[in-house]
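**Q** Mind folding the following:
(one chain, ligands or ions: 2)
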Amino acid sequence: MLNIDAEISLEEEILKLKKELNAVILAHYYQESEIQDIADFIGDSLELSRKAKSTQADVIVFAGVHFMAETAKILNPEKLVLLPDLQAGCSLADSCPAPLFKSFREKHPDHIAITYINCSAEVKALSDIICTSSNAEKIINQIPPEKPILFSPDRNLGRYLIKKTGRDMLLWQGACIVHETFSERKIIQLKVKYPEAKIIAHPECEEVVLRHADYIGSTSKLLKYVQEDSAKTYIVATETGIIHQMQKSAPEKLYIPAPPETSCSCNDCPHMKRNTMEKLYLCMKNKYPKLTMDEPLRLRALKPIERMLEMS
Ligand code: 13P
Ligand code: SF4
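**A** Numbering: from 1, shown residues only. Ligands and ions are numbered 1, 2, ... in the order given. Coordinates of the predicted model:
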């Protein structure tokens, strides 16, 4: 690792390196604001996968978490895919180890496995179709009604989708540490204080929180909702990073992050927030850390991702 000269402007250096490498910087909405501002494209998991598939750049710098960069590598084996911090994981992906998922599948051989993109390449390779929070409902609705479904790894998203689609799916019991942190009690207190506020929530939230939501959607859908809706105040039940784009696109409105039960900042994803401008600069400078993948695994993981892209 290189030491960073205190005199340099990280922003200027990153832009210079971007040209030199013919790189594209893709960022998820949960990244810190400075990273979002320097990115070429910001999006939800589905949009980022589509962008990763269509980019003409030689290098993909992925400002997100490991499973996102891994998906970009699966779609682009010939490209260099960089992730500022290889330790940027995901509690949902961690909750679903491939050997356990394999036995789950073996116990239910007649089921089709629809798996949320927040999982490892090994789990993708064992799945039939990948989905994200923005296309899951559409994908489930295309499965013949007589075909039983295993939905993994997020039990909250799964429960929400059972309600939306009326399909009785078997759920893996994983959860996101960030989206399970919100306090129903504190959200109700906020609603009493701001009675005109709308509650908007990501479907990874627990049912007790979703029950109060005026609108539920993926990060991109939540952003679009506040842009088009007429309310002036929102209680936002997802990771705080999304509020940066909400403030940029509708600055006249008030966005209140839904609070956790304790005074921690548990509504900041510790994995997403491992990436910093310094690490972004260093990974471009060093062309490291990079994603590598065994080709047979990549080919197996590619199939259910391609199915998702075709079906959404
Ligand atoms: P989306 O951006 O696809 O809504 O996903 C949220 C998330 O938790 C990503 O890790
Ligand atoms: Fe994973 Fe939750 Fe962080 Fe998203 S917010 S990357 S689901 S831990």
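
**Q** Note down every partner strand of the helix or strand hosting I42 and its orientation.
**A** Applying DSSP states H and E as the criterion places I42 in strand 41-43. Counting by DSSP bridges, the strands paired with strand 41-43 are strand 23-28 (parallel).

**Q** hang on, the earlier thing: tell me if the strand holding I42 is near ligand 1.
**A** No. Legend: contact between strand 41-43 and ligand 1 by CB under 6 Å from any ligand atom is lacking; minimum distance shown is 7.4 Å. C-beta here means a position set from N, CA and C on the backbone, and glycine is covered the same way.

**Q** Pull out the buried residues from that strand.
**A** In terms of neighbour count (16 or more other CB atoms under 10 Å), strand 41-43 has its buried residues at I42, G43.

**Q** Now S230: which helix or strand?
**A** With DSSP H and E as criterion, S230 is part of no helix or strand.

**Q** Please tell me how far it sits from A250.
**A** 11 Å (CB to CB, to the nearest Å).

**Q** Neighbour count for these two, which is higher?
**A** More neighbours surround A250 than the other of S230 and A250, with 16 against 5 (other CB atoms under 10 Å).

**Q** List the contacts of that one.
**A** The contact partners of A250, taken as CB atoms under 8 Å, 6 or more residues apart in numbering, are V226, Q227.

**Q** one more time with 10 Å
**A** L223, V226, Q227, E228, D229, K232, Y234 (CB atoms under 10 Å, 6 or more residues apart in numbering).

**Q** likewise Q36?
**A** With contacts defined as CB under 10 Å, 6+ apart, Q36 is in contact with I25, A27, H28, Y29, Y30, I42, A63, G241, I242, H244, Q245, K248.

**Q** and the stretch 1-150 of the chain, which residues reach ligand 1?
**A** Counting by CB under 6 Å from any ligand atom, the residues of the stretch 1-150 of the chain near ligand 1 are D44, S45, C90, N118, T132, S133, S134.

**Q** Apart from its chain neighbours, what residue comes closest to the last one?
**A** Just to be clear, that refers to S134. Nearest residue to S134 in three dimensions, chain neighbours excluded: S218, at 3.8 Å (CB to CB, 6 or more residues apart in numbering).

**Q** Would you confirm that the one you found contacts Y29?
**A** Yes. Contact status for S218 versus Y29: in contact at 9.5 Å, counting by CB atoms under 10 Å.

**Q** Touching both of those two, which residues are there?
**A** Joint contacts of S218 and Y29 (CB under 10 Å, 6+ apart) are G43, D44, S45, E47, T238.

**Q** From those residues, list the buried ones, please.
**A** G43, D44, S45, E47, T238.
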